[in-house]
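K.L.:
sequence and computational prediction follow.
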Amino acid sequence: MKSSIYQSSKNVFLDTVNVEDYIQLDRVSTIYQSLKDSVRKPLKMILLFGKPGTGKSMFLTKLYHDLSSIQKVYIYRTPILDESEFYKVLAQDLFGIKYKGELNFTQFMRVVEEYETEETPLVLLDEAQLYSNSLMEKIRLLSDTRKVKFVITLHKTEKEDLIAKAHFQTRIWETIELENASSMELKIYIQKKLMKANCFDSANMFQNKSVNLIHKLTNGNYRDTNKLLYTLFDIYSYYDEQNNYTAINRNHISNKIIEMSAIHTGLVNA
Ligand SMILES: Nc1ncnc2c1ncn2[C@@H]1O[C@H](COP(=O)(O)OP(=O)(O)O)[C@@H](O)[C@H]1O
Ligand SMILES: [Mg+2]
């Protein structure tokens with residue numbers, strides 16, 4: 001059986017980070033450009049921060065993809081929490097040196113300092129809020145050698161905000177903050193995402209009224225919006241399979257179904 005447009009639309013909102021899915025949005029593209037510019041500044045370490053679901057991992061993935069053909073760049077999507085393991089993985093990946101047993105900071109520092117190259121390898125660390133303060137401090141010391149450059153992402157929550165301030169208030173950090181989308185940006189995000197998957201009819205169903213309601217429910221958070229719309233198109237597929245045409249209007253998204261989806265995804269309490 002041919003899968004319906006609602007089924008395809010639903011899959012558009014699976015919460016995954018693939019570089020092919022990157023969407024150009026004015027503000028996002030401007031921030032991305034400043035990230036690329038900062039990467040070229042020699043001494044700076046870059047801290048990408050923002051609430052969960054604001055697109056940090058997507059940015060890191062995009063950066064990795066755009067730079068990997070022109071320079072040495074390494075991405076670590078999951079933190080390597082064991083210190084010795086962290087140095088060993090970097091020694092292997094960046095310098096091609098394999099270690100058996102422990103590798104401590106002093107030893108690794110020596111490796112880094114002795115390394116001769118015209119090109120500074122760029123290390124992208126996602127989810128850096130999981131690294132210990134002591135490891136973060138060592139990452140800073142590694143950065144100071146100018147032999148390695150780091151871009152790290154950090155979740156911003158109320159509590160971590162303070163930690164971030166105390167910890168990252170040195171001049172060597174360049175901070176780039178990602179925020180939730182505005183209602184207009186959210187509309188473009190939703191429509192571009194659907195159009196990329198050839199779901200033009202679905203894209204047309206999102207008029208300002210529906211998008212404003214979605215924005216109210218998700219605050220413009222990309223991850224919450226994905227969840228909401230995944231559920232929404234799941235409900236549409238269900239009604240479509242039942243041939244229940246009274247429940248679904250093909251011209252615009254029903255506010256009732258948006259609200260139903262918000263309850264399903266836990267964005268609002270029933
Ligand atoms: N620029 C973008 N283009 C396309 N999709 C995006 C973009 N930014 C965020 N997303 C979507 O939002 C979801 C959450 O983004 P993510 O990068 O995982 O956020 P974070 O790492 O800040 O928690 C992703 O799965 C992706 O589907
Ligand atoms: Mg992330």
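P.N.:
On my side now, so go ahead. Residues are numbered from 1 along each chain as shown. Ligands and ions are numbered 1, 2, ... in the order given.

K.L.:
kindly provide the distance from the nearest residue to residue 178 once chain neighbours are set aside to residue 222.
P.N.:
Nearest non-adjacent residue to residue 178, counting by Cβ to Cβ, 6 or more residues apart in numbering: residue 50, 3.3 Å away. For every residue, glycine as well, the C-beta is placed using N, CA and C. To residue 222, residue 50 is 10 Å away according to Cβ to Cβ, to the nearest Å.

K.L.:
looking at these two, which is more packed in?
P.N.:
Each of residue 50 and residue 222 has its neighbours counted (other Cβ atoms under 10 Å); residue 222 has more, 24 against 20.

K.L.:
is ligand 1 within reach of the top helix by length along the chain?
P.N.:
Taking DSSP state H as the criterion, the chain has its longest helix at helix 222-241. Yes: counting by Cβ under 6 Å from any ligand atom, ligand 1 has neighbours in helix 222-241: 222, 223, 226.

K.L.:
would you turn those into a markdown table with distance to ligand 2 and pLDDT?
P.N.:
Shown next, in a markdown table, are the residues of helix 222-241 next to ligand 1 (distance: Cβ to the ion, whole Å; pLDDT from 0 to 100):
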| residue | distance to ligand 2 | pLDDT |
| --- | --- | --- |
| 222 | 11 | 97 |
| 223 | 9 | 97 |
| 226 | 13 | 98 |
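
K.L.:
can you classify residue 48 as helix, strand or coil?
P.N.:
Per DSSP: H, G, I helix; E, B strand; the rest coil, the local secondary structure of residue 48 is strand.

K.L.:
an error on my part: the question was meant for residue 250.
P.N.:
Three-state call for residue 250 (three-state DSSP): coil.

K.L.:
following the helix or strand of the chain with the lowest mean pLDDT, which helix or strand comes up?
P.N.:
The helix or strand of the chain with the poorest confidence is helix 158-168; it has a mean of 58 (mean pLDDT, DSSP states H and E). Using DSSP states H and E, the helix or strand that follows helix 158-168 in sequence is strand 173-178.

K.L.:
that following strand to helix 222-241, inter-axis angle?
P.N.:
Interaxial angle, strand 173-178 versus helix 222-241 (axes from the mean of the first three to the mean of the last three Cα atoms, to 10 degrees): 30 degrees.

K.L.:
packing partners for strand 173-178?
P.N.:
helix 26-40, strand 45-50 (3 or more Cβ pairs under 8 Å, 6 or more residues apart in numbering; DSSP states H and E).

K.L.:
mind putting these into a markdown table with distance to residue 96 and mean pLDDT?
P.N.:
Compiled in a markdown table, these are given as follows (distance: least, Cβ to Cβ, whole Å; pLDDT from 0 to 100):
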| stretch | distance to residue 96 | mean pLDDT |
| --- | --- | --- |
| helix 26-40 | 23 | 89 |
| strand 45-50 | 24 | 90 |
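
K.L.:
which of these sits most buried?
P.N.:
Most buried of the helices and strands packed on strand 173-178 by mean neighbour count (mean count of other Cβ atoms under 10 Å) is strand 45-50; its value is a mean of 22.

K.L.:
whichever helix or strand comes after that one near ligand 2 at all?
P.N.:
Going down the chain from strand 45-50, the next helix or strand is helix 56-67, by DSSP H and E. Yes: shown here: helix 56-67 in contact with ligand 2 (Cβ under 5 Å from the ion) through 56, 57.

K.L.:
angle of helix 56-67 against helix 26-40?
P.N.:
With the same axes, to 10 degrees defining the directions, helix 56-67 sits at 60 degrees from helix 26-40.

K.L.:
state the distance from the nearest residue to residue 49 once chain neighbours are set aside to ligand 1.
P.N.:
The shortest distance from residue 49 to any non-neighbouring residue, by Cβ to Cβ, 6+ apart, is to residue 154 (4.4 Å). Separation of residue 154 from ligand 1 (Cβ to the nearest ligand atom, to the nearest Å) stands at 10 Å.

K.L.:
and the residue in the stretch 51-200 of the chain positioned nearest to ligand 2, what does it touch?
P.N.:
Going by Cβ to the ion, ligand 2 is nearest to residue 57 of the stretch 51-200 of the chain, at 3.3 Å. Contacts for residue 57 (Cβ atoms under 8 Å, 6 or more residues apart in numbering) come out as 17, 77, 126, 153.
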